[in-house]
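Visitor: Provided below are the primary sequence and the corresponding predicted coordinates.
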Amino acid sequence: MSWQPTPDAAAGETPGPLIETVVIPRTADIGGFEVRRAVPSMQKRSVGPFVFVDEFGPTLFGAGDGIDVPPHPHIGLATVTYLFAGEQTHRDSLGTRQLIRPGDVNWMTAGRGIAHSERTPPAARATGSTLFGVQTWVALPAPYEEVAPSFAHHGVDALPVIEDAGKTVRLIVGSAYGARSPVATFSETLYLDAALQAGAVLPLPPEHEERAVYVISGRVRIGGDDFAPQRLLVLRPGDMVEVEALEETRLLVFGGEPLDGPRRLWWNFVARSRERIEQAKQDWREGRFGEIPDETERLPLPER
């Protein structure tokens, strides 16, 4: 998904003893499509390798409507698309065409440069549909920033699921609870989707240096403090944390190995230097990201 400008997320709740920062995402309406940006924010620019976290929807589209994100470029990152409801078609300049459904994961490594589009598939557009999900960007470590672009799709049945005492955890990327996702990564990563019944407790051991909890729905208690939905709870490193569900709850946990240095984000580009971003701008202007089959339009560079 292309990065549309939104205001920085705001502070609004006091962190507890186990929580470093609480971020309340800012909400933006982009053509009738609601987006909540948790990362980056003024309080937290990244969590582990994650430099961008957008929750979108749930949005109900009538017959004939849907999402249309025209071709746009990326460098220096991997995009990770994960849906709770609906369907979306991914196309890219490698020639990939892939339908993603709830519980699947699309991992697209941009590396030195790739272009892609995201659209509601024709069948869903014809009847009307709902779209609800999260897109994240994972910054690539310095040695891999310029790797060849690639794309990998993993269906819902390929991802490990851990069930225990009122909780179901799907491991999207990385490792947790003795399991490992089949999604290949460039650094140690944590990304999971947890559904908790009221009263269930999700333990989060300190095996990953940086961790955050994003509450999709429901309410949780951490260290004696209660938190509402649409909160990003950045955990203090090194602590064993237990997340108690006060009601039926859906949440994401993500993080991993810290970045190996600061990153610049401009539009859809992630890089360590201003010069690399300027080069990516010029490459997009001059059509050097490649063509996407069956696509004729493309997003222009922002004027700012």
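Guide: Nice, I can see it. Quantities reported herein were computed from a predicted structural model and do not represent experimental measurements.
Visitor: And for R180, the neighbour number?
Guide: 12 (other C-beta atoms under 10 Å). C-beta: built from backbone N, CA, C; applies to glycine.
Visitor: wait, what's in contact with it?
Guide: Neighbouring residues of R180 by C-beta atoms under 8 Å, 6 or more residues apart in numbering: 160, 171, 174.
Visitor: Restricted to strands, list the residues you listed.
Guide: Members of these lying in strands (criterion: DSSP state E): 171, 174.
Visitor: can you tell me which of the contacts of R180 lies nearest to I114?
Guide: Taking C-beta to C-beta as the measure, I114 lies nearest G174 of the contacts of R180, at 22.1 Å.
Visitor: From W107, how far out is the closest residue in space to the closest one that isn't next to it in sequence?
Guide: Distances taken as C-beta to C-beta, 6 or more residues apart in numbering place T189 nearest to G174, at 3.7 Å, with adjacent residues excluded. Computed as C-beta to C-beta, to the nearest Å, the T189 to W107 distance reads 10 Å.
Visitor: Common neighbours of those two, please.
Guide: Counting by C-beta under 8 Å, 6+ apart, the common neighbours of T189 and W107 are V173.
Visitor: Look through every helix and strand of this protein and give the one with the lowest mean pLDDT.
Guide: Lowest by mean pLDDT, DSSP states H and E among the helices and strands of the chain is strand 26-30, with a mean of 83.
Visitor: Check the offset of whichever helix or strand comes after it from the chain's centre.
Guide: For strand 26-30, the succeeding helix or strand toward the C-terminus, using DSSP states H and E, is strand 33-39. Put simply, strand 33-39 sits 10 Å off its chain's centre (C-alpha atoms, centre = their mean, to the nearest Å).
Visitor: Now render the contacts of R180 as a markdown table, adding neighbour count and distance to D260.
Guide: Below are the contacts of R180 laid out as a markdown table (neighbours: other C-beta atoms under 10 Å; distance: C-beta to C-beta, whole Å):
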| residue | neighbour count | distance to D260 |
| --- | --- | --- |
| P160 | 17 | 27 |
| L171 | 24 | 24 |
| G174 | 23 | 17 |
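Visitor: From the contacts of R180, pick the one nearest Q135.
Guide: G174 (17.0 Å).
Visitor: For A63, see how far away the closest residue to L235 other than its chain neighbours is.
Guide: Nearest residue to L235, sequence neighbours excluded (C-beta to C-beta, 6+ apart): R211, at 4.6 Å. R211 is 42 Å from A63, where distance means C-beta to C-beta.
Visitor: of the two, who's got more company?
Guide: Ranked by neighbour count (other C-beta under 10 Å), R211 and A63 place R211 first, with 24 against 11.
Visitor: which SS class is the more buried one?
Guide: Classification of R211 using DSSP: H, G, I helix; E, B strand; the rest coil returns strand.
Visitor: which regions of the stretch 151-300 of the chain lie under the pLDDT threshold?
Guide: Filtered on pLDDT under 70, the stretch 151-300 of the chain yields no residues whatsoever.
Visitor: swap in the stretch 1-150 of the chain?
Guide: Using pLDDT under 70, the flagged stretches of the stretch 1-150 of the chain are 1-14, 31-32.
Visitor: mind listing the helices for the stretch 1-150 of the chain?
Guide: Taking DSSP state H, counting those that start in this stretch, the helices of the stretch 1-150 of the chain run over residues 122-127.
Visitor: now swap in the stretch 151-300 of the chain and tell me
Guide: Using DSSP H, counting those that start in this stretch, the helices found in the stretch 151-300 of the chain span residues 274-285.
Visitor: As PDB, could you dump the C-alpha coordinates of stretch 168-185?
Guide: Taking Å, rounded to 0.1, in the frame of the first residue of the first chain, the C-alpha atoms of stretch 168-185 are listed here in PDB:
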ATOM      1  CA  THR A 168      -5.300 -18.900  19.400                       C
ATOM      2  CA  VAL A 169      -2.000 -17.500  18.100                       C
ATOM      3  CA  ARG A 170      -1.100 -17.500  14.400                       C
ATOM      4  CA  LEU A 171       2.600 -16.900  13.800                       C
ATOM      5  CA  ILE A 172       2.800 -14.600  10.700                       C
ATOM      6  CA  VAL A 173       6.500 -14.000  10.600                       C
ATOM      7  CA  GLY A 174       9.500 -15.000  12.700                       C
ATOM      8  CA  SER A 175       9.600 -17.200  15.800                       C
ATOM      9  CA  ALA A 176       7.700 -17.500  19.000                       C
ATOM     10  CA  TYR A 177       6.600 -20.300  21.500                       C
ATOM     11  CA  GLY A 178       9.000 -22.800  19.900                       C
ATOM     12  CA  ALA A 179       7.500 -22.400  16.400                       C
ATOM     13  CA  ARG A 180       8.800 -20.600  13.300                       C
ATOM     14  CA  SER A 181       6.900 -19.100  10.400                       C
ATOM     15  CA  PRO A 182       7.900 -20.300   6.900                       C
ATOM     16  CA  VAL A 183       8.300 -16.700   5.800                       C
ATOM     17  CA  ALA A 184      12.000 -16.000   5.100                       C
ATOM     18  CA  THR A 185      13.300 -12.800   6.700                       C
END
